[in-house]
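J.: Need a 3D model of the sequence below.
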Amino acid sequence: MKNRIAIHPDICNGRPIIANTRITVQTIMEFLGAGDSIEEVIEEYASLTREDIYTCMQFAAKLMANQYVGV
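T.: The predicted structure follows:
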């Protein structure tokens with residue numbers, strides 16, 4: 001995951017991106033959450049690979065593994 005996801009404060013306001021792009025993990029997850037298939041996302045962003053998208057899903061799952069307390 002380290003090689004595929006990057007976080008730089010000066011790129012996309014520090015949001016996690018797919019390395020060497022300006023495509024945020026959030027963008028990919030929003031497409032998938034809206035019902036787009038992996039193939040449709042790759043069609044929209046030709047520079048992405050299936051592995052990039054799987055890495056976004058793994059990254060999001062890892063974030064959700066954190067414990068959250070309701071306020």
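J.: for the protein, what are the low-confidence residue spans?
T.: Within the chain, the segments meeting pLDDT under 70 span 1, 71.
J.: What segments of it are helices?
T.: Assigned by DSSP state H, the helices in the chain fall at 25-33, 38-44, 50-64.
J.: Name the stretch among those helices that sits most buried.
T.: helix 25-33 (a mean of 17; mean count of other C-beta atoms under 10 Å). Backbone N, C-alpha and C define where each C-beta goes, glycine included.
J.: which secondary structure elements does that one contact?
T.: In terms of contacts (3 or more C-beta pairs under 8 Å, 6 or more residues apart in numbering; DSSP states H and E), helix 25-33 is packed against strand 17-18, helix 38-44, helix 50-64.
J.: could the helices of the chain go into JSON lines alongside distance to residue 12?
T.: Formatted as JSON lines, the helices of the chain follow (distance: least, C-beta to C-beta, whole Å):
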{"stretch": "helix 25-33", "distance to residue 12": "9"}
{"stretch": "helix 38-44", "distance to residue 12": "17"}
{"stretch": "helix 50-64", "distance to residue 12": "14"}
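J.: I'm done for today, thanks for sticking with me.
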